[in-house]
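S.K.: Quick check, what structure comes out for this input:
(3 chains)
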Amino acid sequence: MKKRTHYDLLRAGVGYYTALGAMGVLVLIGLAAAFYMEHHGHIVTGMTNEIVWGMPHVFAVFLIIAASGVLNVASIGTVFGKTPYKPLGRLSAVMAAAVLAGGLSILVLDLGRPDRLVVAMTKYNFHSIFAWNIYLYNGFFAVVLLYLYTQMSQDFRVRRFYKPAGVLAFVWRLILTTGTGSIFGWLVARQPYDLAIFAPMFIALSFSFGLAIFTLLMVAMMRGDERPVGHALVARMGRLLGVFVAAAAYFTVVWMLTDLYAAEHRSVISYLFASGNLYSWLYWAGFIGLGTIVPMALVFSSGARRSHAPVVLASLLVIAGGIALVYFVIIGGQSYPLVLFPGMEASSSYNDGQVYSYAPSLPEVLLGIGGMALAVAITLVASKVLHILPTTLADADVDPHLAAEGEVVEMKKAA
Amino acid sequence: MNRAGDAGRIPLPHGVNANDKAGGKMRALWRRTILALLAGVMAMLSGMAAQAGDIAPKVPIDKSKGSCVLPGDQMRREHMKILMHRRDNTLYKGIRGGKASFSACLTCHMVKDAQGKPVTIKSPKHFCRVCHDFAAVRPDCWSCHKSVPEAGDAGNQAMLKGFGSGQVKGRMFAQLRDFVQEGRK
Amino acid sequence: MTDPHNSHEHEEARRNNGAEELDAARRAFLRNSAAAGVVALGGGLTLYTISGEALAKKAEEPLDPKKRWGMLIDTSKCTSGCDKCVEACKKENGWEAKPGSRTDVQWIRKVDVKDPKTGFLASLPVMCQHCANPPCVDVCPTGASMQRADGIVRVNMHICIGCRYCMMACPYKARSFVHEDIPEERKRFHAPMGKGCVTSCDFCAHRVDVGQIPACAEACPEGAMLFGDMNDPESALSKRLREIRSYQIRADLGTDNGIRYTRLP
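M.R.: Numbering: from 1, shown residues only, chains lettered A, B, ... in the order given. I've put the predicted structure just below:
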């Protein structure tokens, strides 16, 4: 019979305050960068009339995609009933909200007129998927709050709704990620975008980025607080991560092959995927190599069952590969010139017909890092004031079957 | 003071609890003080409202260019409402020029500097800044809008020439007055 | 101001004394005057006539939703070095752009096009196409990117939050983001633009609303740009569109542009 999970507050020791302090400093630097950009105008950034979305959007879109995937961990426990994931539900919900908050804060601070945020929240154009996304993001916070409430409430009558709340959260975040993908997929103007596959591709990416971030932060916090984390559990999460990164890579390959087949899009594909420029490197070496193949090798290795290190390293690589892919999608996609006259070479004072170049500037990168630090900071603070971190995630405590699995492996090795 | 029954009660100074008989006089004193203070503040506020015309700065206006749109007090209160209404009319319906156009505001309220050139928003003598600096409310308009009238501006010229029949002007003014008074959009 | 081309052709026709030449000259005169016929009134106001009918709208009247403003550009008259339309727009609307600048505002530009397989060259002005199905209006989260009832597409900069999604969505690269404060000297009263908002050609709405035509159309020395009401079958623009085959840039996108070209490379 599975033991009941106990949750405890994170201890406020030296490690906690150091980590929180470091995140706080990064957040403050990010805020300063945002103020600098707003005061002087976007002329101080690398973003131009050609590459209108830059590093802040790379970080923000990455975090927003990942937030949806972080909540997936809770869904695996609630909606799909997998026992080892059930103790992770509360942390997953809180972390999802924190990561989304981090991503949205970057997006909002990069606006040309961030002082008009109230306008953005009161005037809606419902033809725009962007406007729908604003509703979906705010609703995500509400749904996560509801979900957390049903998990944490002392009142059994509220806890009864834990599964419906979990299903609502699962469906909501599928819609949200479809919306995020459609921001790109519904742009007829741009050759690399304008494809229906963006929505499911973003969903697959969300699963992989989210699980990677969750595993990393969870192991870091548990071990930092000296709480046991089972090897079999982490290995199992690692193998799931392996499946998710394979699925994500599959969707990007389908994107590439579809475009390759249509003569209309072929020049885009050869430019992005095959021309040896920065974008090709980011995709093949960054996303496929470092972000897919190496992590899969790590998580499916035998070493993953004996130690946390392979899975933790794999998560880090998936995150790095993920940021490379989002850079590839957002900036690579914009760098391909708009085609006004198909088949022709164009030139003008407005740089028609040329590949658009982009060089990230320091304020943009600092703002992006600040947003990621905000996500971690919120998670740390929440773990300290709310009972969301399990006291133990040792295999035997989480799921006896898991422990048995581990034992079987050990016995075989001994024999 | 911290008894179980006190949970939720705002702690009052010593001697004012309901159970404290000796606090009767204290309570009366408190009541009188608070009432006196309230009365004083209200008197001050109403006095200030009545004297708003005395302490608020006078917005410069050249009355020789035409008659005023609205009396000064009303304009002070309602000018943003009028501006936004006119703005939406211009943007969505293409209605321009006339008595209460932006161009007319800048022309009638124009302040000239020593060289005879109209001052821009950079100078504290600009008619918007005369009041807005005093009230410490920063208007957002001037990051985009030009703050002096533009020579050769078709709408401006048309207005200055008194284009259109008096009927049209009168109708527009009546509409504006109705809008302000009845809040119709 | 009279159009030198008009008087020249009329003179030539009279000199030749042939009926066909005179007819042709008359047709040419009417065509040109339709594009650039000017009646000067006093006080710096000019009223442009299109086939004798005034554009009629007075400033204080609301726009007519039955109209749809459009323009036909005769690209056979465009040469690669000429950018009078661009200069006129700059002067009218107060933007400046160094060639090749990536952050300066540009409302209109001349695009030089070359067919790499045949060497064919062409040059044409490209600005906001004032689509009937504008992707930029669809994607704006606040509705700042708007389409007026008479077809003019523009940005309501009072509610623009500067997210640049419309710039991602526009197939014609028509929109520009204002990357820095515009100095007071350069501001134009009728084209407010500010740091942090997106701006684009608005068909000189401030001129159209008082019965004039856009600055670019007025400035073209060849009379290549014909502005008018596409919904009025009797307007000069509609008549010309019936006579001559016209094309939209990227017509396959289905945006139904208000700007049409007689020849597209």
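
S.K.: since we're on the closest residue to residue A:135 other than its chain neighbours, how many residues are nearby?
M.R.: With C-beta to C-beta, 6 or more residues apart in numbering or on different chains as the criterion, residue A:135 has its nearest non-adjacent residue at 7.8 Å, and that residue is residue A:124. All C-beta atoms are positioned from the backbone trio N, CA, C, and that covers glycine. Residue A:124: 16 surrounding residues under other C-beta atoms under 10 Å in any protein chain shown.

S.K.: residue ranges for the strands of the stretch 1-150 of chain A, please.
M.R.: All strands of the stretch 1-150 of chain A, identified by DSSP state E, counting those that start in this stretch, fall at A:7-8.

S.K.: remind me which residues of chain C are low pLDDT?
M.R.: Counting by pLDDT under 70, the ranges of chain C that qualify are C:1-56.

S.K.: Can you name the residues of it that neighbour chain B?
M.R.: Within chain C, the positions adjacent to chain B are C:43-45, C:57-63, C:146, C:148-150, C:154, C:156-158, C:181-182, C:184, C:187-190, C:192-197, C:205-210, C:212 by C-beta under 8 Å from any C-beta of the partner chain.

S.K.: How is chain B partitioned into domains?
M.R.: Here the domain parsing of chain B from automatic domain parsing is B:4-55, B:63-184.

S.K.: Lowest mean pLDDT across the ones you listed, which one is that?
M.R.: Between the domains of chain B, the one with the least mean pLDDT is domain B:4-55; it has a mean of 71.

S.K.: Do a quick rundown of the strands in the stretch 51-200 of chain C.
M.R.: Under DSSP E, counting those that start in this stretch, the stretch 51-200 of chain C gives strands at C:53-54, C:69-73, C:108-114, C:121-127, C:145-147, C:153-155, C:176-177, C:198-199.

S.K.: Output the ones you listed in JSON lines; the columns should cover mean neighbour count.
M.R.: Below are the strands of the stretch 51-200 of chain C laid out as JSON lines (neighbours: other C-beta atoms under 10 Å in any protein chain shown):
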{"stretch": "strand C:53-54", "mean neighbour count": "12"}
{"stretch": "strand C:69-73", "mean neighbour count": "25"}
{"stretch": "strand C:108-114", "mean neighbour count": "22"}
{"stretch": "strand C:121-127", "mean neighbour count": "21"}
{"stretch": "strand C:145-147", "mean neighbour count": "22"}
{"stretch": "strand C:153-155", "mean neighbour count": "23"}
{"stretch": "strand C:176-177", "mean neighbour count": "24"}
{"stretch": "strand C:198-199", "mean neighbour count": "26"}
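
S.K.: out of everything not next to it in sequence, what's closest to residue A:107?
M.R.: Distances taken as C-beta to C-beta, 6+ apart place residue A:60 nearest to residue A:107, at 4.4 Å, with adjacent residues excluded.

S.K.: is it true that the one you found touches residue A:370?
M.R.: No. The criterion here is C-beta atoms under 8 Å, and residue A:60 misses it with residue A:370 at 11.0 Å.

S.K.: Would you tell me which of the strands of the stretch 51-200 of chain C gets closest to residue A:376?
M.R.: Comparing the strands of the stretch 51-200 of chain C by their distance to residue A:376 (C-beta to C-beta), the top pick is strand C:176-177, with 31.4 Å.

S.K.: That closest one near chain A at all?
M.R.: Yes. Using C-beta under 8 Å from any C-beta, a contact is recorded between strand C:176-177 and chain A, made by C:176-177.

S.K.: Can you name every helix or strand that that strand contacts?
M.R.: strand C:198-199 (3 or more C-beta pairs under 8 Å, 6 or more residues apart in numbering or on different chains; DSSP states H and E).

S.K.: Can you name every helix or strand that the strand it packs on contacts?
M.R.: strand C:176-177.

S.K.: Which residue, other than its chain neighbours, is closest to the residue of chain C found nearest chain A?
M.R.: Per C-beta to the nearest C-beta, residue C:162 is where chain C lies closest to chain A, at 1.8 Å. The shortest distance from residue C:162 to any non-neighbouring residue, by C-beta to C-beta, 6+ apart, is to residue A:112 (1.8 Å).

S.K.: For that neighbour, give me its contacts.
M.R.: A:42, C:160-164, C:177-178, C:195-198 (C-beta atoms under 8 Å, 6 or more residues apart in numbering or on different chains).

S.K.: now, which of those sits nearest chain B?
M.R.: For those, the nearest to chain B is residue C:195 (6.1 Å; C-beta to the nearest C-beta).

S.K.: got the phi/psi numbers for that closest one?
M.R.: phi -60, psi 130 (degrees, to the nearest 10).

S.K.: Let me know whether it touches residue A:44 as I believe.
M.R.: No. Residue C:195 is not in contact with residue A:44 according to C-beta under 8 Å; the separation is 11.4 Å.

S.K.: quick one, which of these two is more surrounded?
M.R.: Set residue C:195 next to residue A:44 and count neighbours by other C-beta under 10 Å: residue C:195 wins out with 21 against 18.

S.K.: wait, what's in contact with the more buried one?
M.R.: So residue C:195 contacts A:41, A:112, B:143, C:178-182 (C-beta under 8 Å, 6+ apart).

S.K.: quick one on the thing from earlier: which of the residues of chain C next to chain B are buried?
M.R.: Among the residues of chain C next to chain B, those classed as buried by 16 or more other C-beta atoms under 10 Å in any protein chain shown are C:45, C:57-61, C:63, C:146, C:148, C:150, C:154, C:156-158, C:182, C:187-190, C:192-197, C:205-210, C:212.

S.K.: Return the residues in contact with residue A:92.
M.R.: Contacts of residue A:92 by C-beta under 8 Å, 6+ apart are A:70-74, A:214.

S.K.: go with 7 Å
M.R.: Shown in contact with residue A:92 (C-beta atoms under 7 Å, 6 or more residues apart in numbering or on different chains): A:70-71, A:73-74, A:214.

S.K.: Could you single out the nearest of the residues you listed to chain C?
M.R.: residue A:71 (23.7 Å).
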